[in-house]
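# Sequence unavailable; structure follows:
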């Protein structure tokens, strides 16, 4: 069977779907990953077919207007979505058109909600559709929509927050989607009916995160699955630099500080605050420059800078004492698997949500927005993360559980159960055990 996976976003957004695609391909299926041009070499290097989707997430994150939007987020979900949609709508029609073209010769579509065309394309073509995402998007009384930065006091409000957020989004992208449906799919535009249908039908849905961090709510149906994180564990000839191994051997395990795809309006000020806090805490640290959340700077001997491509999370994080990061779903998974305590300094909608889940499991401190931090406060938190034995023990237990979950293998089994294909009894997984 030919399966097309549609995904956009940062490397942390795309990589889990590549891992899933490799698992499906190892089970005997032909897999094409449609994503942004930045990831073509990554996708093809993993042995999968590639199709280009429009957009450049990294370029968007370097845009001054986008940085201002993220750094001045107020917690008002209505205002946040209204402002955020200004960056989505201009490229939405092209994304819809290209997605339609990419899916013409496929037999099943696996798609994240950020590509809103997937379900409609599959329905028009009469082929199976499976919804996959790294963050929960199904109504539940257990917790509010992850885009809300505050927890709600009543379960029914939690459940209502999901259609509320969707209706806010439809208000902005609905007209573009309507026109596209009329002109391309030859379907009558019925966005509210489509939303109701999407919620009411038992669409197979997989969430690529750990039930250890966020158990499946009891009010989700049997069509919804939480199989575990989808880690990409390729065998490679990568070796750490002598500078990195020498630094790790020179003292106690350092604290990892890195913000992935998150960006700040004034990264130099943030870097200076972090450097001062690390030194005041008496700990050593590794600074991951990532996409520009931190700047290059002169460092003392107790702090080393790296870039993610030079120090993969799977190798580096288990050697750390703790982690301070932005809270993206990919980094959340990598830190959880490493079994180290962490604290999230959120940048985007769902980062606060994931930081809270880590804290609720006793594996880290509650998330702290950047404007809430000072050098003194951050220094105390770094020291606590690196030295508190109870926190470290709980984080270690989380790591042991996450590593045992076999997320990709379970996800492949679930997907094949929902597709009209003959399954093999044993499904091999690229890269061996998790």
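Noted; the coordinates are in hand. Because the structure is a prediction, the values reported are computed rather than measured.
# quick one, what contacts residue 398?
212-213, 336, 339, 361, 363 (C-beta atoms under 8 Å, 6 or more residues apart in numbering). Where you see a C-beta, it was placed from the backbone N, CA and C, and this is true even at glycine.
# at 10 Å instead, please
By C-beta atoms under 10 Å, 6 or more residues apart in numbering, the contact set of residue 398 is 210, 212-213, 335-341, 358, 361-364.
# quick one, strands of this protein?
2-6, 30-35, 49-52, 108-111, 129-133, 205-207, 224-225, 255-258, 285-288, 303-306, 322-325, 342-344 (DSSP state E).
# Quick one: those strands as TSV, columns for mean neighbour count too.
Below are the strands of the chain laid out as TSV (neighbours: other C-beta atoms under 10 Å):
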stretch	mean neighbour count
strand 2-6	24
strand 30-35	23
strand 49-52	17
strand 108-111	26
strand 129-133	22
strand 205-207	23
strand 224-225	21
strand 255-258	27
strand 285-288	25
strand 303-306	19
strand 322-325	28
strand 342-344	27
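# okay if I get those as JSON lines plus distance to residue 266 and mean pLDDT?
Listed next are those as JSON lines, based on distance: least, C-beta to C-beta, whole Å; pLDDT from 0 to 100:
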{"stretch": "strand 2-6", "distance to residue 266": "35", "mean pLDDT": "96"}
{"stretch": "strand 30-35", "distance to residue 266": "31", "mean pLDDT": "96"}
{"stretch": "strand 49-52", "distance to residue 266": "34", "mean pLDDT": "97"}
{"stretch": "strand 108-111", "distance to residue 266": "36", "mean pLDDT": "95"}
{"stretch": "strand 129-133", "distance to residue 266": "32", "mean pLDDT": "93"}
{"stretch": "strand 205-207", "distance to residue 266": "35", "mean pLDDT": "95"}
{"stretch": "strand 224-225", "distance to residue 266": "41", "mean pLDDT": "96"}
{"stretch": "strand 255-258", "distance to residue 266": "16", "mean pLDDT": "94"}
{"stretch": "strand 285-288", "distance to residue 266": "16", "mean pLDDT": "93"}
{"stretch": "strand 303-306", "distance to residue 266": "18", "mean pLDDT": "91"}
{"stretch": "strand 322-325", "distance to residue 266": "18", "mean pLDDT": "96"}
{"stretch": "strand 342-344", "distance to residue 266": "20", "mean pLDDT": "97"}
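# Going by distance to residue 400, which of the contacts of residue 398 wins?
Nearest to residue 400 among the contacts of residue 398 is residue 339, at 6.6 Å by C-beta to C-beta.
# Distance-wise, check the nearest residue to the closest one once chain neighbours are set aside relative to residue 283.
In space, and not counting its chain neighbours, residue 339 is closest to residue 399: 2.2 Å by C-beta to C-beta, 6 or more residues apart in numbering. Separation of residue 399 from residue 283 (C-beta to C-beta, to the nearest Å): 20 Å.
# more crowded one of the two?
Ranked by neighbour count (other C-beta atoms under 10 Å), residue 399 and residue 283 place residue 283 first, with 23 against 20.
# so which of the contacts of residue 398 would you say is closest to residue 234?
Checking those one by one against residue 234 (C-beta to C-beta), the nearest turns out to be residue 337, at 15.4 Å.
# can you tell me how far that closest one sits from residue 228?
Distance from residue 337 to residue 228, by C-beta to C-beta: 10 Å.
# Could you do residue 55 as well?
Relative to residue 228, and taking C-beta to C-beta, residue 55 is found at 28 Å.
# For these two, indicate the residue with more neighbours.
A direct count of neighbours by other C-beta under 10 Å for residue 55 and residue 228 places residue 228 higher, at 27 against 20.
# just for the protein, where's the confidence low?
58-75, 87, 114, 189-201, 235, 291-293, 296, 309, 421-434 (pLDDT under 70).
# sorry, back to before: type out the PyMOL command that picks the buried ones from the contacts of residue 398.
Here is the PyMOL command that selects the buried residues among the contacts of residue 398 (16 or more other C-beta atoms under 10 Å):
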select buried, resi 210+212+213+335+336+337+338+339+340+341+358+361+363+364
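# among the contacts of residue 398, which are in helices?
335-338, 358 (DSSP state H).
# tell me the contacts of residue 122?
4, 103, 106, 108-111, 128-130, 203.
# Please disregard the earlier target; I meant residue 372.
Each residue near residue 372 by C-beta under 10 Å, 6+ apart is listed here: 345, 378.
# That one and residue 343, how far apart?
Distance from residue 372 to residue 343, by C-beta to C-beta: 12 Å.
# who touches both of the two?
The contact lists of residue 372 and residue 343 share residue 378, where a contact means C-beta under 10 Å, 6+ apart.
# For the closest residue to residue 133 other than its chain neighbours, grab the count of nearby residues.
Closest residue in space to residue 133, ignoring its immediate chain neighbours: residue 112 at 5.2 Å, by C-beta to C-beta, 6+ apart. Residues lying near residue 112 (other C-beta under 10 Å) number 23.
# unless I'm mixing things up, residue 112 is touching residue 129, no?
No - Residue 112 is not in contact with residue 129 according to C-beta atoms under 10 Å; the separation is 12.0 Å.
# what residues are shared contacts of these two?
With C-beta under 10 Å, 6+ apart as the test, residue 112 and residue 129 both reach residue 118.
# Contacts only, for the residue nearest to residue 339.
With C-beta under 10 Å, 6+ apart, residue 399 has these contacts: 212, 317-318, 335-340, 363.
# Using JSON lines, lay out these together with distance to residue 255.
JSON lines is the format used below for those (distance: C-beta to C-beta, whole Å):
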{"residue": "212", "distance to residue 255": "23"}
{"residue": "317", "distance to residue 255": "11"}
{"residue": "318", "distance to residue 255": "14"}
{"residue": "335", "distance to residue 255": "12"}
{"residue": "336", "distance to residue 255": "16"}
{"residue": "337", "distance to residue 255": "17"}
{"residue": "338", "distance to residue 255": "13"}
{"residue": "339", "distance to residue 255": "15"}
{"residue": "340", "distance to residue 255": "9"}
{"residue": "363", "distance to residue 255": "15"}
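# ok, so of the residues you listed, who is nearest residue 310?
residue 317 (14.1 Å).
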